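> Could you work out the structure for the sequence below:
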Amino acid sequence: MLVDKSGKPRSLKSNKTEGILNQLKTHRKFGSPDVSLLELYLHEAGSKAFEFFPQEEVFLVVEKRAKELQKHLFGYQVLPFGHQKNESNEDFGIFALPNQFQCGKRTVDLLRATKTAPRGAFLELAQHLSLFAESESKRLSKPLGFVVVTYCRVCRKLCLIHKRDEVCCYRCFTPFTGSPLPPIRNLQFSDYFKK
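All right, here's what the predicted structure looks like:
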């Protein structure tokens, strides 16, 4: 959700609660053990309403949504954060308000989800990804540690990305974000030396 400089929320999607519930139910049917909704509230740079979150309009939607989510035992977290610019109107960064109720957390946990054991297709997927991470780690001769398993849409293969790795497919070298890398050409050093 976007909150403009005047504090007015844009695209609150108050009428989307039923669709959100259906998506969460799909996750639960898939076998996910902890199904929750995380709503992000981005305040535009200079928004005066950031320090007074939630505004009444937002509160009413959050309250209604929380009641519906609670009926189905889903979790619900809210994360208000702001965007700031410096004197030159350049991006300065993103920041979040400290959670006054839970030290060290930025999200506000409104509802805790009823946790279940992983099952069905979710469990199969988790086991497949775990086996892939272990075998690929050995193949690449890298310790498992903190990794991300990602899927390359170009070569249609899984990749194991370590914390400090380039964020591109190591099979076809397509970046996972942004524009493609420029092609690497064979450098002819003789072209750089004048005879």
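> what packs against the longest helix seen in the chain?
Counting by DSSP state H, the longest helix found in the chain is helix 120-139. Packed against helix 120-139 by the contact rule (3 or more C-beta pairs under 8 Å, 6 or more residues apart in numbering; DSSP states H and E) you find helix 17-30, strand 147-151, strand 158-162. Every residue, glycine included, has its C-beta placed from N, CA and C.
> Break this structure into its domains for me.
Using automatic domain parsing, the domain parsing of the chain gives 2-111, 118-183.
> Can I get those domains in TSV including mean neighbour count and mean pLDDT?
Output for those, formatted as TSV (neighbours: other C-beta atoms under 10 Å; pLDDT from 0 to 100):
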stretch	mean neighbour count	mean pLDDT
domain 2-111	15	86
domain 118-183	13	86
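> And the closest residue in space to Val61 that isn't next to it in sequence, how far from Ala117?
Counting by C-beta to C-beta, 6 or more residues apart in numbering, Val61 lies nearest to Ser14, which is 4.5 Å off, once chain neighbours are set aside. Separation of Ser14 from Ala117 (C-beta to C-beta, to the nearest Å) stands at 34 Å.
> for Lys163, same thing?
Here Lys163 is placed at a distance of 29 Å from Ala117 (C-beta to C-beta).
> try Leu144
Distance from Leu144 to Ala117, by C-beta to C-beta: 24 Å.
> Same question for Cys169.
To Ala117, Cys169 is 33 Å away according to C-beta to C-beta.
> repeat for Arg156
Arg156 is 31 Å from Ala117, where distance means C-beta to C-beta.
> Next: Lys157.
From Lys157 to Ala117 the distance is 30 Å (C-beta to C-beta).
> Starting from His72, give me the distance back to Ala113.
Distance of Ala113 to His72, given as C-beta to C-beta: 10 Å.
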